[in-house]
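# Could you work out the structure for the sequence below:
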Amino acid sequence: MSPAASTWLDMWRRLLRWSNPHEARGEDKNSNTFDSTRSRAIVVGAALILAALVSWSNLLWVEHNRFGLALTIDEAGCMSQAIAYANALKYGGIPAWLAALSYPTKFAPLSPIVSSILMARLGVDENIAFYAHILFYAATVLVTFWWVREQSSRLAAICVSLLVATLPDIVLYTRKYQCGLPATFFLLANFAYYKADRFSSWFWSFWIGAALGLMLLSRTMSVAFLPDFGLVWLLDSWKTLMRNIAQLAMSVAVFLLISVPWYASNFKEIFGYLFSFGYGAHSTEYDMGAASIPMELSC
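Numbers count the residues shown, from 1 in each chain. Modelled structure (predicted):
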């Protein structure tokens, strides 16, 4: 066997090895710096390749099945917001863009904001806006891979990431233009809490607050998730709460700084929508059959 073939074979054996997570990360006693660096490079490469492949498949589907076709009522609302932001950014610069962002709206702003940046660069076209959700989708796959890899082997990380990447609802909302994927920031918030070790890390406590704030900006209906986060995290970290109160306070402050300004300025529109068409009497008018792209086109 040639040296090159032997090297590739060794790499794939390492990639697919189901072993102790510490050993797989190169943390065994006999590992050296080179082996550890190579192991991390393989993990990063595997995660990026996996995310790129599944994202590319959804991108191709969107280009062939969504570009130039009609939008649902919710998609049209988010799309008009994104185009308005994009025109402001492209023709008026940052000041006009910020002014457009301050205009009252009931639609979560994160997806239109990301889309407007892409459209300002690539062209103000509603088809470009769909690329924003592909980015959120790729981030969801990467966070899943990272989290599982922290606790298990590379093979487990690949398998779980593929499972998440092919979940019907994840795929459906990747291919729709209806707010962002709150699952991205839902996962990131929980992963950051895991890494923070009950708010003992300043860095990861910051990302807990940032992820929760971005989750609320990606979809207004995710407000309903906040009590669950608070209750579970409070019960889990109760014994160390006073010792890590400063990190917790910082996390809450970051969350408030990210989410509260937009919610405060759009309070009437947001909660009027949430308690009528979101969770209220009109919510049944927009079920999966009325507000979604055809289910036969979602796979």
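# what's the helix or strand for the residue lying closest to residue 202 once chain neighbours are set aside?
Leaving out its chain neighbours, the residue that sits closest to residue 202 by CB to CB, 6 or more residues apart in numbering is residue 247, at 5.7 Å. C-beta here means a position set from N, CA and C on the backbone, and glycine is covered the same way. Under the criterion of DSSP states H and E, residue 247 resides in helix 245-265.
# go on, residue 177?
Using DSSP H and E, no helix or strand contains residue 177.
# Angles on the backbone of it, please.
Per-residue torsions, residue 177: phi -110, psi 70 (degrees, to the nearest 10).
# Count the residues that sit near it.
Here the number of neighbours of residue 177 (other CB atoms under 10 Å) works out to 27.
# try the one 10 residues further on
For residue 187, the tally of surrounding residues (other CB under 10 Å) stands at 22.
# shouldn't it be in contact with residue 147?
Yes. When contacts are counted by CB atoms under 8 Å, residue 187 is listed as touching residue 147 (7.2 Å).
# show me what contacts residue 248?
Neighbour list for residue 248: 199, 205, 237, 241 [criterion: CB atoms under 8 Å, 6 or more residues apart in numbering].
# What does the pLDDT read for residue 293?
Predicted confidence (pLDDT) for residue 293: 43.
# ok, now which ones touch the residue nearest to residue 202?
196, 199, 200, 201, 202, 205.
# how much space between residue 51 and residue 246?
35 Å (CB to CB, to the nearest Å).
# who's more crowded, these two?
residue 51 (21 against 11).
# what's near enough to touch that one?
Taking CB under 8 Å, 6+ apart, one finds 138, 141, 142, 145, 161 in contact with residue 51.
# And residue 216, how far from residue 224?
Where residue 224 is concerned, residue 216 sits at a distance of 10 Å (CB to CB).
# oh, I was asking about residue 49
Taken as CB to CB, the span from residue 49 to residue 224 is 36 Å.
# what angle separates whichever helix or strand residue 95 is part of from helix 245-265?
Residue 95 belongs to helix 73-101 when elements are defined using DSSP H and E. In terms of direction (axes from the mean of the first three to the mean of the last three CA atoms, to 10 degrees), helix 73-101 departs from helix 245-265 by 100 degrees.
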